[in-house]
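Visitor: got a structure for you, letters missing:
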């Protein structure tokens with residue numbers, strides 16, 4: 001199905017009709033992964049498939065065969081330009097507000113859009129109290145994130161970073177965060193969604209011998225760091241100029257390092 005923005009949609013490898021999509025318009029019980037396709041290849045394809053596998057197990061108690069997922073992706077990529085944005089969403093045919101049973105079937109909705117490389121930055125992030133439900137699952141229906149983004153924008157920020165009840169900074173609205181002390185990359189310990197781009201960077205930095213660590217990043221301890229970046233499927237790193245009132249002057253150094261590391265990850269054919 002094509003809309004005015006030139007996007008397309010398939011369900012289980014078949015072009016989706018308006019009737020197919022109507023029940024999903026307000027559905028909020030599903031999970032997804034988002035990726036950038038370049039020259040019909042995807043970096044971290046294995047991590048995307050693992051995410052869909054784990055999300056289905058967590059939400060539905062069942063999994064979709066990997067080959068079925070890959071077939072759905074192949075059909076979408078084959079019928080689109082070589083460079084594009086793609087989301088793959090797994091949902092239950094039984095819908096929401098039902099108890100579910102062993103006969104429930106899962107389907108996969110694949111949508112394609114024009115490619116996106118993310119904002120240029122640097123970003124100013126508000127520091128906002130928020131904790132996501134089941135943060136380890138990339139699930140749909142998170143209206144709080146859009147609301148908090150818009151609240152941050154009204155206050156003069158570009159986006160919002162989240163701090164939990166224990167004072168730990170974990171992630172931002174649609175971003176993972178990484179921090180820099182001039183020597184090593186710090187990944188925050190908190191309830192977060194471990195993103196695919198984050199996974200790619202962790203293994204590429206390891207291969208390059210760049211020191212990494214996991215540690216609690218306290219809201220009142222940002223002065224320990226000289227830089228930070230935000231990352232998602234659009235980009236391996238957008239420099240963060242500030243979080244709340246804390247300035248992070250060397251964020252460009254970290255962003256450059258992560259972009260170099262990301263480029264060493266080969267793209268895989270879908």
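Guide: Happy to help now that I have it. From a predicted model like this one, the values you see are computed outputs, not experimental measurements. Residues are numbered from 1 along each chain as shown.

Visitor: low-confidence stretches in this structure?
Guide: Judged by pLDDT under 70, the chain has its weakly predicted residues at 1-6, 100-103.

Visitor: okay, now the domains of it?
Guide: Annotated domains of the chain cover 8-113, 123-268 [automatic domain parsing].

Visitor: most packed of those domains?
Guide: Neighbour counts (mean count of other Cβ atoms under 10 Å) averaged over each of the domains of the chain peak at domain 123-268, with a mean of 18. C-beta coordinates here come from the backbone N, C-alpha and C atoms, glycine included.

Visitor: tell me which stretches of the stretch 51-200 of the chain form helices.
Guide: 66-78, 143-154, 196-208 (DSSP state H, counting those that start in this stretch).

Visitor: redo those helices as CSV? Include distance to residue 85.
Guide: Converted to CSV, the helices of the stretch 51-200 of the chain look like this (distance: least, Cβ to Cβ, whole Å):
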stretch, distance to residue 85
helix 66-78, 11
helix 143-154, 18
helix 196-208, 13
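
Visitor: of these, which is nearest residue 95?
Guide: helix 143-154 (18.7 Å; Cβ to Cβ).

Visitor: contacts for stretch 19-35, please.
Guide: Identification of contacts with stretch 19-35 by Cβ atoms under 8 Å, 6 or more residues apart in numbering yields 1, 9, 11, 42, 44-45, 48, 51-52, 55-56, 58-59, 85-92, 95-96, 109, 137-141, 196, 232-233.

Visitor: show the contacting residues for residue 126.
Guide: Residues near residue 126 by Cβ under 8 Å, 6+ apart: 151-152, 155, 157, 159-161, 244.

Visitor: give me the distance between it and residue 189.
Guide: 21 Å (Cβ to Cβ, to the nearest Å).

Visitor: picking that back up, out of the helices of the stretch 51-200 of the chain, the one nearest residue 251 is which?
Guide: Among the helices of the stretch 51-200 of the chain, helix 196-208 comes nearest to residue 251, with 15.1 Å by Cβ to Cβ.

Visitor: in the sheet, which strands lie alongside the helix or strand following that closest one, parallel or antiparallel?
Guide: Using DSSP states H and E, the next helix or strand after helix 196-208 towards the C-terminus is strand 212-215. When sheet partners are counted by DSSP bridges, strand 212-215 sits next to strand 185-188 (parallel).

Visitor: how far is the partner strand from where the chain is centred?
Guide: Chain-centre distance of strand 185-188: 17 Å, with Cα atoms, centre = their mean, to the nearest Å.

Visitor: next one: stretch 82-93
Guide: With Cα atoms, centre = their mean, you get 13 Å for stretch 82-93.

Visitor: now do the strands in the stretch 1-150 of the chain.
Guide: 8-11, 14-15, 30-37, 41-43, 84-92, 106-113, 123-129 (DSSP state E, counting those that start in this stretch).

Visitor: would you format those strands as TSV with distance to residue 268 included?
Guide: TSV is the format used below for the strands of the stretch 1-150 of the chain (distance: least, Cβ to Cβ, whole Å):
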stretch	distance to residue 268
strand 8-11	20
strand 14-15	24
strand 30-37	11
strand 41-43	6
strand 84-92	14
strand 106-113	17
strand 123-129	30
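
Visitor: which one of these lies closest to residue 75?
Guide: Closest among those, using Cβ to Cβ: strand 8-11, at 6.0 Å.

Visitor: who touches that closest one?
Guide: Under Cβ under 8 Å, 6+ apart, the answer for strand 8-11 is 1-2, 15-16, 20-21, 72, 75-76, 79-80, 107-112.

Visitor: go on, stretch 60-76?
Guide: Contacts with stretch 60-76, where a contact means Cβ under 8 Å, 6+ apart, come from 8, 10, 12-13, 49, 52-53, 56-57, 86, 88, 90, 92, 100, 104, 106, 108, 110-112, 270.
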